[in-house]
Every structure is written in structure tokens, then in C-alpha cells.
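A.B. asks: Could you look at this predicted model? Sequence included:
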Amino acid sequence: MAIPTEPIGSIPRPPELMYAVAGSAVGEVPQDELEAQYDEALRDTIARFEATGSPVISDGEQTKPSFVTYPLAGIDHLAPDGIVIPFEDGHTRQLPRLTRGPFRYGAYADGYFRRAQPIAHHPVKQAVIAPSAMSLLYPPDGIDGYPRDIFLEDVAKEAETDIRRCLEAGAYKVQLDFTEGRLSIKLDPSKGILQSFVALIGEVLDRFTPEERKRIGVHTCPGGDQNSAHSLDVDYAELLPTLFELDAGSFYIQLASEADPDRVLEIIRENAPPEATIFVGVIDPIDPRVETAAEVRERVLRAAEHLGPERLGTCDDCGFSPFGDDTSTSRDIAFSKIAARVEGTAAAAQELGV
């Protein structure tokens, strides 16, 4: 396919897996039974992913607790009362709070890749959490004996390790999930938080060679959980010029759920680095209606009018179930949407003659 198309991340977990995870948390399901459910969900997810015709797949984050908290597995110096993320429908998610240093990841994303890659027949990309999200674990009033600047050095080092391990394991791409970008503007209209986030991500990216950065991308969206977003009302014009300062090989931009995609495409055209591949979202995971291939084709053609086909790619706006307990979308709908993305992108490429 001349226009590349890639997934963003999560696929809704099978009910059997969700029951096993919940039962394991209260000691009612033994670990071997949980691992068997993980294996079955992973095999089914990869088989169904490949059946869509998607040239690049992911593990669907079947074995992650969530896209953001996987590095915290087994860490014992966390309190539950960290920053609260409010969503537009009124529900919230809450991050933990670090209580002492030093900060080290309890799990790295290459473990998920290594579990999926032997099963797959297509290239597998791996999503990792951006260091900016991990920086939110540090409490506003500080930690005695562990100053914030040392904490941020540790975060950058751990994020680098997370990405590097995935690259060395053979991941097709490593995608940094930066869903807190637009949210940061909502919290701080002066964009001081955004600038600090981008500076931290940039510091991590600078640790990789130009060839390595070609395999590293940054994903941005307004959040997606239980059919609701947390920052869709934040103007992309406030985020994208700063985001595009990053030296990444690819950018994955939520677009299908935008009210005025042509305006966003013009902002992208004016600000995106010319050497980067721009993957535009052509599938809205929050919308329960399955897009048709014809709709996707039209979205791709419209993006090509603004950006040209030579640096264009397509993706889903966001993962379909970034948090492991999200049941708002079915697996059947998710895979039907992915199939429409693949078919519609191919149709647009054929019409464009690329």
C-alpha cells in the first residue's frame, strides 16, 4: 500500500479476560489461569487484526492494565491520590502519586512486544507512554530528598530505556502516546505545562540517532475513554505548532472526530516538519457507528489535498479501549472499523495513483 496505514493501540479485551483480571485482583483467579486468558486474547486479537488486511498490527494492549500505567507494575512507593483527569461525560480517571524516589519503571513495553511478535505474521508496532505523562506522578508539594529536577532526569532515562528496548527487540515502530498535550492547555492556558512536556519528550528523542528516530512516532488525541474525551474542546492551533517542534519520524494526529478537519489539516500543512510522515485519523473509536470504506477514502483524499500524498499516512484517532476495564466498544466494532480504514486507504491510494 503506497499510503501507509497503522493502528494506534488498544483493542477492547474479551469478556473472559476482563473477568479473569478482576478475579485475579481479589485472589479468586489463579495466576496460571489469568496467563492462559492473556494468551488466548492475544492470539485472537492478532489473528483478527491480520484478517482485516492491516499491513501493520499491534498486540491490542491485551496484557496491559492501561496505556498509561503499565510502567508502574510492582512499584510499592505510590499513593492512589494523584492527579485527576476529568472527562466530558463527568467520569474521571486518577493517576497515582509518587511518595519517594528514585523513580524506576516496574515494567517495560518490550515485554508486551516480545509476547506478541512470535505469534504475528505482520510487522508489529509498540505503543509506549510518553515521559510527560509519567512526570505527572510527582506531587506538587515535592518529595523530601528527591527534588523534581532529579525526578525528571530519572523519567527521561526510563522513557529512553523503554523506547530503546522496543527498538532493539525489533518493533516496526515505537509510538509515544501523548494524550495529555491538549489537556495541558486546558489546565494551563499559558501553555507553560505544554512547553515543559514537549521539552521533556524532545530531550528523550534527542538521545536517539536520526535513523532510530525514523522508527519513532508521537501520537496526540483529546483522550478517549468510555465514549468520552477529556480535551476535544481545546483548539488544535494551540497544540500543533509546539508539538511539531519534536524531531520524530512520524506524527499520529486524531482528526476523524474533529468538527473542522480542513482547518486542522491547514495547521498541519503550515507547521509539520516536511521530512515527517503525518498519519491522520480517519476512524473515530468513540463513534459506535462503523465508518464505510467510502467515507475513509474521502477523508484520505481530503487530507491529500492539503498535505500531498507523499508524506501522508492514516490511522485510528485513538485506541479503542486505552483502559483495560473500558467496555464501551465491542471487539467486533473495533475490527470492523480497522477493516474500513485499511480498505478506504487502499482505495484512496489507487485513485491518487500512488
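C.D. replies: In hand now; what should we look at?

A.B. asks: who touches stretch 321-340?
C.D. replies: The contact list for stretch 321-340, computed with Cβ atoms under 8 Å, 6 or more residues apart in numbering, reads 7, 9-14, 18, 21, 48-49, 51-54, 61, 64-68, 93, 179, 224-227, 283, 285, 288, 290-293, 295-296, 316, 320. Quick note: C-beta positions are derived from backbone N, CA and C, even for glycine.

A.B. asks: In PyMOL, how would I select just the buried ones from those residues?
C.D. replies: Applying 16 or more other Cβ atoms under 10 Å to the contacts of stretch 321-340, the buried members can be selected in PyMOL as follows:
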select buried, resi 7+9+10+11+12+13+14+18+21+48+49+52+54+61+64+65+66+67+68+93+179+224+225+226+283+285+290+291+293+295+296+316+320
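
A.B. asks: Beyond the longest strand seen in the chain, next helix or strand please.
C.D. replies: Identified as the longest strand of the chain according to DSSP state E is strand 277-283. Using DSSP states H and E, the next helix or strand after strand 277-283 towards the C-terminus is helix 293-307.

A.B. asks: what angle separates that next one from strand 277-283?
C.D. replies: Between helix 293-307 and strand 277-283, the angle comes out at 150 degrees (axes from the mean of the first three to the mean of the last three Cα atoms, to 10 degrees).

A.B. asks: Report all helices and strands that helix 293-307 contacts.
C.D. replies: Judged by 3 or more Cβ pairs under 8 Å, 6 or more residues apart in numbering; DSSP states H and E, helix 293-307 is in contact with helix 261-271, strand 277-283, strand 312-316, helix 331-352.

A.B. asks: Buried residues in the longest one, which are they?
C.D. replies: Within helix 331-352, the residues that qualify as buried are 331, 333-335, 337-349, 352, counting by 16+ other Cβ under 10 Å.

A.B. asks: Between helix 331-352 and the host helix or strand of Y19, find me the angle.
C.D. replies: Here Y19 sits within helix 15-25, counting by DSSP H and E. Interaxial angle of helix 15-25 relative to helix 331-352 (the same axes, to 10 degrees): 130 degrees.

A.B. asks: quick one: contacts of helix 15-25?
C.D. replies: Applying Cβ under 8 Å, 6+ apart, the contact partners of helix 15-25 are 13, 29-31, 33-34, 37-38, 40-41, 62, 324-325, 327.

A.B. asks: So among those residues, which ones count as buried?
C.D. replies: In the contacts of helix 15-25, burial by neighbour count holds for R13, V29, L34, Q37, Y38, A41, Q62, G324, counting by 16+ other Cβ under 10 Å.

A.B. asks: Same list (these) but as a markdown table, adding distance to S257, secondary structure and pLDDT.
C.D. replies: Output for these, formatted as a markdown table (distance: Cβ to Cβ, whole Å; DSSP: H, G, I helix; E, B strand; the rest coil; pLDDT from 0 to 100):
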| residue | distance to S257 | secondary structure | pLDDT |
| --- | --- | --- | --- |
| R13 | 23 | coil | 94 |
| V29 | 36 | coil | 94 |
| L34 | 34 | helix | 94 |
| Q37 | 32 | helix | 96 |
| Y38 | 30 | helix | 95 |
| A41 | 27 | helix | 96 |
| Q62 | 24 | coil | 95 |
| G324 | 22 | coil | 72 |
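
A.B. asks: Show me what the most centrally placed residue in the chain is bridged to.
C.D. replies: The C-alpha lying nearest the average C-alpha coordinate of the chain belongs to D177 (Cα atoms, centre = their mean; 3.8 Å). Per DSSP bridges, the residues bridged to D177 are I129, H219.
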